[in-house]
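sharing a model prediction with you, sequence too.
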There are 4 protein chains.
Amino acid sequence: MPRPADPNAKIDLLRAAEEVFAERGLDNAKVGEITERAGHSKGSFYLHFGSKEDAFRQIVESTLARLAACLDENKIHESVRLPPGEHVAKWRADDLEMFEFIWANRRVMRLMLEGGGSSDFGYLIDQFADRSRKQAAEALRLGVANGLYRSDLDVDVASMVLAGGYDRVARELVRAERKPDLPKLLATLQRVCLTGIGSARVTAVVDRPVKKASARTVRTAARIQVARRNGAT
Amino acid sequence: MPRPADPNAKIDLLRAAEEVFAERGLDNAKVGEITERAGHSKGSFYLHFGSKEDAFRQIVESTLARLAACLDENKIHESVRLPPGEHVAKWRADDLEMFEFIWANRRVMRLMLEGGGSSDFGYLIDQFADRSRKQAAEALRLGVANGLYRSDLDVDVASMVLAGGYDRVARELVRAERKPDLPKLLATLQRVCLTGIGSARVTAVVDRPVKKASARTVRTAARIQVARRNGAT
Amino acid sequence: MPRPADPNAKIDLLRAAEEVFAERGLDNAKVGEITERAGHSKGSFYLHFGSKEDAFRQIVESTLARLAACLDENKIHESVRLPPGEHVAKWRADDLEMFEFIWANRRVMRLMLEGGGSSDFGYLIDQFADRSRKQAAEALRLGVANGLYRSDLDVDVASMVLAGGYDRVARELVRAERKPDLPKLLATLQRVCLTGIGSARVTAVVDRPVKKASARTVRTAARIQVARRNGAT
Amino acid sequence: MPRPADPNAKIDLLRAAEEVFAERGLDNAKVGEITERAGHSKGSFYLHFGSKEDAFRQIVESTLARLAACLDENKIHESVRLPPGEHVAKWRADDLEMFEFIWANRRVMRLMLEGGGSSDFGYLIDQFADRSRKQAAEALRLGVANGLYRSDLDVDVASMVLAGGYDRVARELVRAERKPDLPKLLATLQRVCLTGIGSARVTAVVDRPVKKASARTVRTAARIQVARRNGAT
DNA sequence: TATGAATGAGCGTTCATTCAT
DNA sequence: CATGAATGAACGCTCATTCAT
């Protein structure tokens, strides 16, 4: 049964594609299932997309682009110039915006965070991960320079922890069944990132720039490597 | 006596399979390519594995099992009972063992961390992520009880940051071309986790349990949601 | 409007499938050969049939269903109520209809009578054989009650002979190169069935219900069994 | 685990092959299953048989050869020279011998009667059917000449009925779960063949040589053919 | 002779993409 | 623009047969 010209065709198809990609991953998604759910014909799919991969790319890239706006360099430059109290509040507001977006688009975000079900698009995910880390690094660098962050901070490693921590929160969020209290969650997240986990007793032990590994650690590591050489499968 | 079983057959096949799965992902890996690279026949593959998926599962599960040994609960219980200095050293030694393993098995680890190229095995990755987070939470809980970690720590959120931070470091590691100085890297990582990123100026602002979101944050969030309702696709 | 469905596609495929199944049997028939002979693509085959077995089933079952109409119970009930002369004529007309059908569909009929070339479909053939025998038994029972057939008839055995005799005629027919004179053949067949093969001299010997095996026969049988015990594999 | 030289190897393999062929048909039987059930190696199978088909042929042909002995021409020549009473008794004894053999070898017999599960061996079955019919024809011819059978018998058709009737009884026998009372069954079978099924009322109608089809029958047949041309699928 | 691991040709089926209407 | 029947390359898996021991 043909239907009249449908200006919503592409939207229907994108929505259905998103659904199917999310459920099955790129490789196991069938064009036929997408068009069936969209209520359009297979031919219509190829009127709007060059290929199945193209549809996937359009979905992922548009989401990625919109998400990237939340990780804007300008915001960072602005933010680090603020006095501590406002900096912290701005940070939280920016995070909230980003996580609201992630929640709203959790299906696609989850698809992306879990690799898209195809190794061919790993680059997209990597790209985003690299970007978020670089932004974190830049923010830390500026923050250190502005006295917001610890002057002895190893920016490379800290940016990994920061990006990774946020990444993990995002991964949990996209899999959540009910929307959590985001402002509260993000405030706590921020606080953990800023203050770390150690009590005074412990931070005293580590709270100085690490020059090099202690002799003891090096010996332990050596033992482990020897063990592995002998026994690993 | 029949021709004796080629003792290398399965190993060759596993190695080749690992290679091909890593390059193409499960779905796009071709059994023919695996056997060709392994230098064995197609039939031989099915002498050792029930199916392509079975080979994938064997590779991933055995790696996962060996990795799980590095995330042992006993270690945690031991570790938190030590005095701060030793606790910190033990932590680093355990981390080193784990990351040495990850480096040694970086090809499979990368495959797993990037979703295996198939949505059917997402559960494996999820499972591991859940596990690592639960272990982190348990460690934090005990550490707080023992006075090692801040008494006002939100264990749920902090465990996400911790697991996420380590996760990210692992992701960078499996993609690294040259082996980094792991002891140094892990010491820095540990230090960041323990002390956080904030300078005294900033931590002062946030260094108290968060009761609820500030009025300002709530207003910001509301604005965002309205914006999304109007414009998001 | 899409390209309209090729109305001949399924018919072409069925014809070709029938041909190939008849030549090679189900198991040795190759889908590729069927589609090649049909002048359609391999994909087209799966547009019309769920599997090779499904195509086989469709061919066999539709023929079987149409054939079953020739073995209708109603016809039997009608027929046995007629006076002898008309009964005999009706019988011949019904047989003619059935054997005309068998001739017209001799390729499929032969396929079926010879087991379809696959043990998985033996049940179809058995089913038909059972049915034809049951119909014969019913017809005989009614005929005996109506005085058309011998009152001392052993219906069970006679129905086997009847069904078997017709079965064999059908088997010869489906392998015949030229169409025989069916009305004549069937008239003769009917006559043999009705009057038997024995001359008066011989029928006198056997023309009474058999009570039990004679002593001589039993002794013979015993000898045979002993012989078998000693020598048969 | 190798076993000592086993002179029973071929017998074990034949028995297992018979079993598997009977269960699955030639095409679906797997050499691996045969050797497993036989308790021998795959290699051993090919030491005794050139191929799977060869094993099948050996099984079928040896059974067929032994069965053929039961359909011996000499017996026929002997039998028809006997006076009626003895002729009938001899017939029954010969039948009994044959059906005892069929019962004893019912698994292979069933395999053969049902087409062996492969069209490639249809010729064996056809061959046997032709042979049994020819023997029947020869017996009838001689019997007519000797006044044992009706002088107006159409030997060609009657031999089909005879061979078909016996064939059907054999088909039922090979599928029977318990051994029937063969002497009684065969006596009844013989009686039906000799005397036919018709009562005097009916045989009177047909008991004369058929010259040609009646005008009425021909018209009926014509009607049917017209109908088929118009309506057949 | 006996073994059973190894082989690889072969086939059923899927599904992204095309194109006549 | 829209349709969906048609296409055919591609791939997982099977299993009869071989042969080093």
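Looks like it arrived, so ask away. Numbers count the residues shown, from 1 in each chain, chains lettered A, B, ... in the order given.

contacts, neighbours, all on C-alpha from now
OK.

show the contacting residues for the spatially most central residue of chain A.
Chain A has A:D167 as the residue nearest its centroid, 4.3 Å off, counting by Cα atoms, centre = their mean. Contact analysis of A:D167 by Cα atoms under 8 Å, 6 or more residues apart in numbering or on different chains lists B:G164.

what strand or helix carries it?
In this structure, A:D167 sits in helix A:155-175 according to DSSP states H and E.

can you check A:K10 too?
Using DSSP H and E, A:K10 falls in helix A:9-28.

ditto for A:R141
Applying DSSP H and E, one finds A:R141 within helix A:122-145.

okay, buried residues for that helix please.
For helix A:122-145, burial by neighbour count (16 or more other Cα atoms under 10 Å in any protein chain shown) applies to A:122, A:124-126, A:128-129, A:132-144.

which outside residues touch that helix?
Residues contacting helix A:122-145 (Cα under 8 Å, 6+ apart): A:61, A:64, A:71, A:73, A:76-77, A:80, A:112-113, A:115-116, A:149-151, A:153, A:155-156, A:158-160, A:162-163, B:114.

right, and A:K52 touches A:I34 too?
No: taking contacts as Cα atoms under 8 Å, A:K52 lies outside contact range of A:I34: 9.8 Å.

so A:G25 sits against A:G116, correct?
Yes: using Cα under 8 Å, A:G25 is in contact with A:G116, at 5.6 Å.

neighbour-wise, which of the two wins?
Ranked by neighbour count (other Cα atoms under 10 Å in any protein chain shown), A:G25 and A:G116 place A:G116 first, with 30 against 25.

ok, now which ones touch that one?
Residues near A:G116 by Cα under 8 Å, 6+ apart: A:F21, A:A22, A:G25, A:L26, A:G122, B:G115, B:G117, B:S118, B:S119.

rewinding a little: and the helix holding A:R141, what's its mean pLDDT?
What helix A:122-145 shows for mean pLDDT is 86.

before we move on, what about stretch A:88-96?
90.

what strand or helix carries the residue of chain A found nearest DNA strand F?
Residue nearest to DNA strand F within chain A (Cα to the nearest atom of the strand): A:G43, separated by 2.9 Å. Here A:G43 sits within helix A:42-48, counting by DSSP H and E.

for that helix, list every residue counted as buried.
Across helix A:42-48, burial judged by 16+ other Cα under 10 Å covers A:F45.

the helix or strand just after that helix vs helix A:9-28, what angle?
For helix A:42-48, the following helix or strand on the C-terminal side (DSSP H and E) is helix A:52-68. On the basis of axes from the mean of the first three to the mean of the last three Cα atoms, to 10 degrees, helix A:52-68 is oriented at 110 degrees to helix A:9-28.

next structured bit after helix A:52-68?
Helix A:52-68 is succeeded, C-terminally, by helix A:73-80 (DSSP H and E).

next helix or strand past that next one?
Going down the chain from helix A:73-80, the next helix or strand is helix A:84-104, by DSSP H and E.

now that next one against helix A:52-68, angle please.
Our comparison of helix A:84-104 with helix A:52-68, counting by the same axes, to 10 degrees, yields an angle of 160 degrees.

against which helices or strands is helix A:84-104 packed?
Secondary structure elements in contact with helix A:84-104, counted by 3 or more Cα pairs under 8 Å, 6 or more residues apart in numbering or on different chains; DSSP states H and E, are helix A:52-68, helix A:73-80, helix A:155-175, helix A:182-195, helix B:200-206, helix B:215-231.

switch the cut-off to 7 Å
helix A:73-80, helix A:182-195, helix B:200-206, helix B:215-231 (3 or more Cα pairs under 7 Å, 6 or more residues apart in numbering or on different chains; DSSP states H and E).

can you tell me if the helix or strand that that helix is followed by touches chain B.
With elements assigned by DSSP H and E, the helix or strand that comes after helix A:84-104 is helix A:106-113. No: Helix A:106-113 is not in contact with chain B by Cα under 7 Å from any Cα of the partner chain; minimum separation 8.5 Å.

show me the contact partners of helix A:106-113.
Residues from elsewhere that reach helix A:106-113 (Cα atoms under 7 Å, 6 or more residues apart in numbering or on different chains): A:E18, A:A22, A:I102, A:I125, A:R171, A:V174.

same question, stretch A:45-59
For stretch A:45-59, contacts defined as Cα under 7 Å, 6+ apart pick out A:K10, A:V31, A:T35.

could you find the closest non-adjacent residue to the first one?
Take A:K10 and drop its neighbours on the chain: the residue closest to it by Cα to Cα, 6 or more residues apart in numbering or on different chains is A:H48, 6.3 Å away.

from A:Q58, how far off is that neighbour?
Going from A:H48 to A:Q58 by Cα to Cα, to the nearest Å gives 11 Å.

equivalent analysis for A:D181, please.
Applying Cα to Cα, the value for A:D181 to A:Q58 is 31 Å.

comparing the two, which residue is more hemmed in?
Applying other Cα under 10 Å to A:D181 and A:Q58 shows that A:Q58 carries more neighbours, namely 14 against 10.

in chain A, which helix or strand is least confident?
helix A:215-231 (a mean of 52; mean pLDDT, DSSP states H and E).

tell me the pLDDT at A:R106?
Reported pLDDT for A:R106: 94.

so where is chain A shaky, pLDDT-wise?
Scanning chain A for pLDDT under 70 picks out the ranges A:1-6, A:117, A:205-233.

pick out the residue in chain A sitting closest to chain B.
Closest approach between chain A and chain B, counting by Cα to the nearest Cα: A:G196, at 3.3 Å.

how many neighbours does A:A204 have?
A:A204 - counted by other Cα under 10 Å - has 14 other residues nearby.
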